[in-house]
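Visitor: sequence below, structure please.
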Amino acid sequence: MKPFAALMMTAFCISHGIAAHAAPDNARLVYNTAAEKAANDFKLTRPRCDVLTGNPKDVCIAEARAARIYLEANAKAQYKNSLAATTEARKAIAEADYDVEKTRCASLTGNPKEVCLEESKANLVAALADAKADRKISEARADAEEDKRSADYKVALEKCDAFAGAPQKACVADVKTQFGK
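Guide: Prediction:
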């Protein structure tokens, strides 16, 4: 990955609450802790659903699963620390939300059920499209910033041509240092 693209990825990760430069051991510990918390929360929430019956019980279980998926997906995205992992987490969360909405729709009948299912599907499609679009936007911004930085580098090098000999070499060295090349 080019240096500026890495910088943009870091900015994206920070803006989305992802630890961009966590130490590998620390990141693994955070991931394991979050995964354990998700499992424990599910184990505590799941028995509460058993007192219910019918569709409310199914909804309760689906919500407990969705909460677990949410915690696990975000922990995995933070651990992997990549745009792809963040996108996959958003997709997993959207699917979990869809499952909850479908379960809620199951208590309905006739046209209201069909409308509910269509709305649920539309919400899923929208969430998946947003995740995909956000990924493309982040990649495009990183590419644009890299192009701008490359153009600025060329301008700075061109300015060094005004000098000759040792001052020119010093100018070029400074420019290369400034732009990490």
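
Visitor: quick check: what element follows the lowest-mean-pLDDT helix or strand in the chain along the chain?
Guide: Considering only helices and strands, the least confidently modelled element of the chain by mean pLDDT, DSSP states H and E is helix 3-15, at a mean of 43. Going down the chain from helix 3-15, the next helix or strand is helix 24-49, by DSSP states H and E.

Visitor: so how far is that next one off the chain centroid?
Guide: With C-alpha atoms, centre = their mean, to the nearest Å as the basis, helix 24-49 stands 19 Å off its chain's centre.

Visitor: and stretch 138-147, by the same measure?
Guide: Centroid separation for stretch 138-147 versus its chain: 17 Å, with C-alpha atoms, centre = their mean.

Visitor: helices along this protein, start to end?
Guide: Residue ranges of the helices in the chain, as given by DSSP state H, are 3-15, 24-49, 54-80, 83-105, 110-160, 166-179.

Visitor: including mean neighbour count, could those go into JSON lines?
Guide: All C-beta atoms are positioned from the backbone trio N, CA, C, and that covers glycine. Putting the helices of the chain into JSON lines (neighbours: other C-beta atoms under 10 Å) gives the following:
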{"stretch": "helix 3-15", "mean neighbour count": "16"}
{"stretch": "helix 24-49", "mean neighbour count": "13"}
{"stretch": "helix 54-80", "mean neighbour count": "19"}
{"stretch": "helix 83-105", "mean neighbour count": "19"}
{"stretch": "helix 110-160", "mean neighbour count": "14"}
{"stretch": "helix 166-179", "mean neighbour count": "13"}
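
Visitor: lowest average confidence across those helices, which one?
Guide: Ranked by mean pLDDT, the helices of the chain end with helix 3-15 in last place, scoring a mean of 43.

Visitor: what about the nearest residue to Arg90 once chain neighbours are set aside, distance to Ala122?
Guide: Ranked by C-beta to C-beta, 6 or more residues apart in numbering and with sequence neighbours excluded, the top spatial neighbour of Arg90 is Ala131, at 3.9 Å. Going from Ala131 to Ala122 by C-beta to C-beta, to the nearest Å gives 15 Å.

Visitor: Gly54 now?
Guide: If you go by C-beta to C-beta, the gap between Gly54 and Ala122 works out to 26 Å.

Visitor: cool, and Asn32?
Guide: 36 Å.
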